[in-house]
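Novice: just the structure for this:
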Amino acid sequence: MKDVTAAIMIQDDKVLIARRKAGDRLAHKWEFPGGKVRDGETPEKCLEREMAEEFDIVVSVDKFLGESIYRYPHAAIRLLAYRTYWISGDIQPKVHAEYRWVTCRQLMRFDFSAADIPFVNKLTGFTGWTG
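Specialist: Residues are numbered from 1 along each chain as shown. Modelled structure (predicted):
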C-alpha cells in the first residue's frame, strides 16, 4: 500500500481542488492536491514538496485530519489529509488540467477520485476545519 498525501487548503471560506489531466490515471477526476510520499520522507515534507512542484507555491502543513484507504485497480493507497496553509507564491498548475477554489457546499458538484470522497463528505458536513 502506498502512502499519498492530500492538502486540505482553505482560504476565504473556499477549499482548493484540482482536476487531473487527460491521460493520467484517474483522468479528469477532481482531488485535493498532494502526492506520493517518497522513501524516508514524512507526509508533511511530501506535501511541501508536492505543492511546490505541482503549483509553484510554498505551504505550511498543520494538523493531520484523517486517512482514507482505497484499492484502485492499479494500486492500493492510504490517503493522508492535512490542514495546509498557503504561505507564498502564485498558483501555477503544472500537472493538473485546472484548479478551483470552491465552497465546501460546492464540493458535491465535482467528480472526485474515490479516495478523496471521505474528505469531501467530512468537509460538506463539518465546517470546523476552516480555522
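Novice: tell me, what residue is most central in this protein?
Specialist: residue 32 (2.2 Å; C-alpha atoms, centre = their mean).
Novice: from residue 39, how far off is it?
Specialist: Computed as C-beta to C-beta, to the nearest Å, the residue 32 to residue 39 distance reads 23 Å. C-beta here means a position set from N, CA and C on the backbone, and glycine is covered the same way.
Novice: tell me what the helix or strand of the chain with the lowest mean pLDDT is packed against?
Specialist: Scoring the helices and strands of the chain by mean pLDDT, DSSP states H and E places helix 117-125 at the bottom, with a mean of 92. Contacts defined by 3 or more C-beta pairs under 8 Å, 6 or more residues apart in numbering; DSSP states H and E place helix 117-125 against strand 2-11, strand 58-71.
Novice: buried residues, that helix. List them.
Specialist: Going by neighbour count (16 or more other C-beta atoms under 10 Å), the buried part of helix 117-125 is 118-120, 122-123.
Novice: ok, so of those, who is nearest residue 59?
Specialist: Ranked by distance to residue 59 (C-beta to C-beta), the buried residues of helix 117-125 are led by residue 119 at 16.9 Å.
Novice: the closest residue to the closest one other than its chain neighbours: which element?
Specialist: Computed as C-beta to C-beta, 6 or more residues apart in numbering, the closest residue to residue 119 that is not its neighbour in sequence is residue 81, at 5.3 Å. Counting by DSSP states H and E, the element that carries residue 81 is strand 76-88.
Novice: quick check: next helix or strand after that strand?
Specialist: Note on strand 76-88: by DSSP H and E, the next helix or strand toward the C-terminus is strand 96-102.
Novice: can you give me the angle that following strand makes with strand 2-11?
Specialist: Orientation of strand 96-102 against strand 2-11 (axes from the mean of the first three to the mean of the last three C-alpha atoms, to 10 degrees) gives an angle of 40 degrees.
Novice: which other helices and strands contact strand 96-102?
Specialist: Applying 3+ C-beta pairs under 8 Å, 6+ apart, we find strand 96-102 packed against strand 14-20.
Novice: how far does the strand it packs on sit from its chain's centre?
Specialist: Distance, stretch centre to chain centre, for strand 14-20: 7 Å (C-alpha atoms, centre = their mean, to the nearest Å).
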